[in-house]
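Colleague: prediction below, plus the sequence it came from.
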Amino acid sequence: MNDVSHKNFTSAGSVTATGNRGLQIEEPLLFEIGSTNFTGVDVEEPEAFESRLGDVERTDMMGLPGLSEPETMRHFVRLSQKNYAIDTGIFPLGSCTMKHNPRLNEKMARLPGIGDIHPLQPQKTVQGAIELMMQLSDWLTSLTGMPAVAMSPKAGAHGELCGMIAIRAAIEAKGEADTRRVVLVPDSAHGTNPATAALLGFSVRSIEAEKDGTVRASAVRESLGPDVAAMMLTNPNTCGLFEPDIAEISAALHEAGAYLYCDGANFNAIAGKVRPGDLGIDAMHINLHKTFSTPHGGGGPGAGPVVFSKSLAPFAPLPLMARDGDGKLELIEEKASSGEARPFGRLTAFHGQMGMFVRALAYMLSFGEDGVRQASEDAVLNANYLRKLLKDTMSQPFGDRVCMHEVLFDEAFLKGTDISTLDFAKAMIDEGFHPMTMYFPLVVHGAMLVEPTESESKRSLDQFAYALKALANAAKRGDKDRFKSAPRFAPLRRLDETRAARQPILSYTPPAQQAAE
Ligand SMILES: *Cc1c(COP(=O)(O)O)cnc(C)c1O
């Protein structure tokens, strides 16, 4: 073992000769394992040739470490083993819907006719793929009760951008672009909502949520005026509650000439139960990588199709999908010349995340409509089961109120212990669990947002609740050290995440060079 392999291994009281702990092997960088003086593969010396690169030809070494295939393989497999994943345990990250990704979906996505296609293939050679996209669109429009969908957005936040550009286009078409400059956003919103509005040049007017965690129609009416373009509302909201006034809110917005954008990331709680179109929503993104079980969280990519109401449908971006008289399918890539369509342009170079479409449709077809509905019901049931199990252990900011698919706790139960939400979450890592979402939503002090999802069994929920109870009891007993020193059993301890984000070091400098600098 290389010396550097020991450097992060400071776990309490566990000294081994190698620095490894059991099967958990500390892994240096590829650059530290390999050396530029070696190569892991035998490549024949190239024959003499005359370079045509002129003065742009490389004159020094590329600096890639030479490693054999098994060395390289081990490196990446070891790294992968350090990662917590939905395949290793419950991943209760609120708002993220980390549910099981059925293996059937993976099998479908790897079928040769699907896994190997290219977005530049002539359309007549990919009729099946377009058919698949159309079927998925049909599912999305019927589950939401909305007439149109844009498939190309590549994530939830990208979908927000797509929906809000369509709203801006509709406002421009009415000649109101100069006056309607404000987007209303509740203070409980996901950060991507105000960011999207701001990116498009709108100013954000914040609306305070009530003490019960939801937004009142009266508060929206008070903020409405001829300057308002739209409101962005999450439903179910980030506190895990269904917005009871949403139909009244959409009516008020429409009356004032504004639109309702719904952040649909939490669709997992209501798919098959509630049709957003019936609530008066004008645009909503659906995170296929949350609700429809396509892998995410380091395993991406995501996909965030956006459904549109009748009034926004004409502004949906290219490409559009159509079926001609002979049943031939077409992706319309250029601005449509006929009918009402006035697409705002394109959002991406191609058609969206095909691999995710396949997985999402496989999920829908294998569950069926009743299965999708049951998944939503079970997601809500599981969250409420945890809420009940932990009722006397962890404090719930909105009292003993039935929640949707996620249950929200706050830090009140830690009062007087000198243990913070962060400490509590880090101690969960030692117990073998991925922490829940922390400090979000911002409207709740020391928030802990738990989303178990429907794919957890009763047994796994019981184990999870058992661990949280044990930790809460330890906190109340004053066992501070267990929390302040956590995580003790993880490969790395607490990281300076802020500094890592603000001052990332993305290149490797060999130690010798470091010393010289
Ligand atoms: C996940 C999420 C988003 C963003 O979705 P991405 O696919 O991560 O871009 C937006 N809003 C809410 C409420 C979310 O949970």
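Modeller: Happy to help now that I have it. Small disclaimer: the values here were computed from a predicted structure and weren't measured.

Colleague: how about the residues of the stretch 101-250 of the chain by the ligand?
Modeller: Contact residues, the stretch 101-250 of the chain versus the ligand (CB under 6 Å from any ligand atom): Ala155, Gly156, Ala157, His190, Thr192, Thr234, Thr238. (C-beta placed from N, C-alpha, C; glycine too.)

Colleague: residue contacts, the second one?
Modeller: Contacts for Gly156 were tallied using CB atoms under 8 Å, 6 or more residues apart in numbering; they are Thr192, Asp263, Ala265, His285, Asn287, Lys290, Gly302, Gly304.

Colleague: likewise for the third one?
Modeller: Residues in contact with Ala157, defined by CB under 8 Å, 6+ apart, are Thr192, Ala195, Thr196, Gly304.

Colleague: in the protein, what residue is nearest the ligand?
Modeller: Of all residues in the chain, Gly156 sits closest to the ligand, at 2.2 Å by CB to the nearest ligand atom.

Colleague: and that residue, what pLDDT?
Modeller: At Gly156, the model reports a pLDDT of 95.

Colleague: same question for Gly89.
Modeller: So Gly89 comes in at 95 (pLDDT).

Colleague: all helices for the stretch 351-500 of the chain, in order.
Modeller: 354-389, 421-430, 458-477, 480-484, 497-502 (DSSP state H, counting those that start in this stretch).

Colleague: give me every residue that touches the closest residue to Thr417 other than its chain neighbours.
Modeller: Among residues not flanking Thr417 along the chain, Ala475 sits closest, at 4.8 Å (CB to CB, 6 or more residues apart in numbering). Each residue near Ala475 by CB under 8 Å, 6+ apart is listed here: Phe413, Leu414, Thr417, Ile419, Phe424, Phe483.

Colleague: Ala265 reaches Ala189, doesn't it?
Modeller: No. Counting by CB atoms under 8 Å, Ala265 stays clear of Ala189, with 10.8 Å between them.

Colleague: what's in contact with stretch 307-314?
Modeller: Contacts with stretch 307-314, where a contact means CB under 8 Å, 6+ apart, come from 140-141, 144, 146-150, 163, 166-167, 170, 259, 264, 276-277, 280-284, 286, 315-316, 340-343.

Colleague: quick check: the two most widely separated of the contacts of Gly156?
Modeller: Spatial extent of the contacts of Gly156 (CB to CB) is set by the pair Asp263 and Gly302 at 14.3 Å.

Colleague: for the two, indicate the residue with more neighbours.
Modeller: The residue with more neighbours, out of Asp263 and Gly302, is Asp263; 27 against 22, by other CB atoms under 10 Å.

Colleague: so Phe344: helix, strand or coil?
Modeller: Of the three states, Phe344 takes coil according to DSSP: H, G, I helix; E, B strand; the rest coil.

Colleague: confidence-wise, which of the contacts of Ala157 comes last?
Modeller: Looking at the contacts of Ala157 by pLDDT, the weakest one is Thr192, with 94.

Colleague: give me the nearest residue to that residue, chain neighbours excluded.
Modeller: Ala157 (4.3 Å).

Colleague: among the contacts of Gly156, which are located in strands?
Modeller: Using DSSP state E, the subset of those located in strands is Asp263, His285.

Colleague: which one of the contacts of Gly156 is nearest to Cys403?
Modeller: Of these, the one sitting nearest to Cys403 (CB to CB) turns out to be Ala265, at 16.0 Å.

Colleague: tell me the contacts of that closest one?
Modeller: With CB under 8 Å, 6+ apart, Ala265 has these contacts: Ser95, Thr97, Gly156, His190, Thr234, His285, Asn287, Lys290.

Colleague: how about the first one, phi and psi?
Modeller: In this case it means Ser95. phi 80, psi -10 (degrees, to the nearest 10).

Colleague: do you know the pLDDT at the closest residue to it other than its chain neighbours?
Modeller: Excluding its sequence neighbours, the residue lying closest to Ser95 (CB to CB, 6+ apart) is Thr437, at 5.8 Å. Model confidence at Thr437, given as pLDDT, is 97.

Colleague: what sits against Thr437?
Modeller: If you count contacts by CB under 8 Å, 6+ apart, Thr437 has them with Leu93, Gly94, Ser95, Cys96, Ala447, Met448, Leu449, Val450, Glu451.

Colleague: beta partners of the closest residue to Ser203 other than its chain neighbours?
Modeller: Of all residues not flanking Ser203 in the chain, Val182 sits nearest, at 5.5 Å (CB to CB, 6+ apart). Under DSSP bridges, the beta-bridge partners of Val182 are Ser203, Val228.

Colleague: count of neighbours near Val182?
Modeller: By other CB under 10 Å, 21 other residues sit near Val182.

Colleague: surely it meets Arg205?
Modeller: Yes. The pair Val182 / Arg205 is scored as a contact, 5.2 Å apart, by CB under 8 Å.

Colleague: could you name every residue contacting both of the two?
Modeller: Taking CB under 8 Å, 6+ apart as the contact rule, Val182 and Arg205 both touch Val228.

Colleague: in a strand, the residue nearest to Thr192, correct?
Modeller: No. Counting by three-state DSSP, Ala157 is located in no strand; its state is helix.

Colleague: oh, and call the first residue 11 from now on, that's how I've got it
Modeller: Taking 11 as the first residue, the last one we looked at is Ala167.

Colleague: circling back to that earlier point, please flag which of the contacts of stretch 317-324 sit within helices.
Modeller: With DSSP state H as the criterion, helices contain Leu150, Thr151, Thr154, Gly173, Ala176, Ile177, Ala180 from among these.

Colleague: so the second one makes contact with Ala158?
Modeller: Yes. Assessed by CB under 8 Å, Thr151 is found in contact with Ala158 at 7.0 Å.

Colleague: ok, the nearest residue to Gly488 once chain neighbours are set aside - contacts?
Modeller: Computed as CB to CB, 6+ apart, the closest residue to Gly488 that is not its neighbour in sequence is Thr427, at 7.0 Å. Neighbouring residues of Thr427 by CB under 8 Å, 6+ apart: Ala485, Lys486, Gly488, Lys490.

Colleague: including pLDDT, could those residues go into TSV?
Modeller: Shown next, in TSV, are the contacts of Thr427 (pLDDT from 0 to 100):
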residue	pLDDT
Ala485	98
Lys486	97
Gly488	96
Lys490	97
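
Colleague: residues of this structure that sit close to the ligand?
Modeller: Checking the chain against the ligand by CB under 6 Å from any ligand atom, the hits are 105-106, 165-167, 200, 202, 244, 248, 273, 275-276, 297, 312, 314.

Colleague: now the two most distant members of those residues.
Modeller: Top of the distance list for the residues of the chain next to the ligand (CB to CB): Thr248 and Gly312, 18.4 Å.

Colleague: lowest average pLDDT across the helices of the stretch 361-510 of the chain?
Modeller: helix 507-512 - the lowest mean pLDDT of the helices of the stretch 361-510 of the chain, at a mean of 92.
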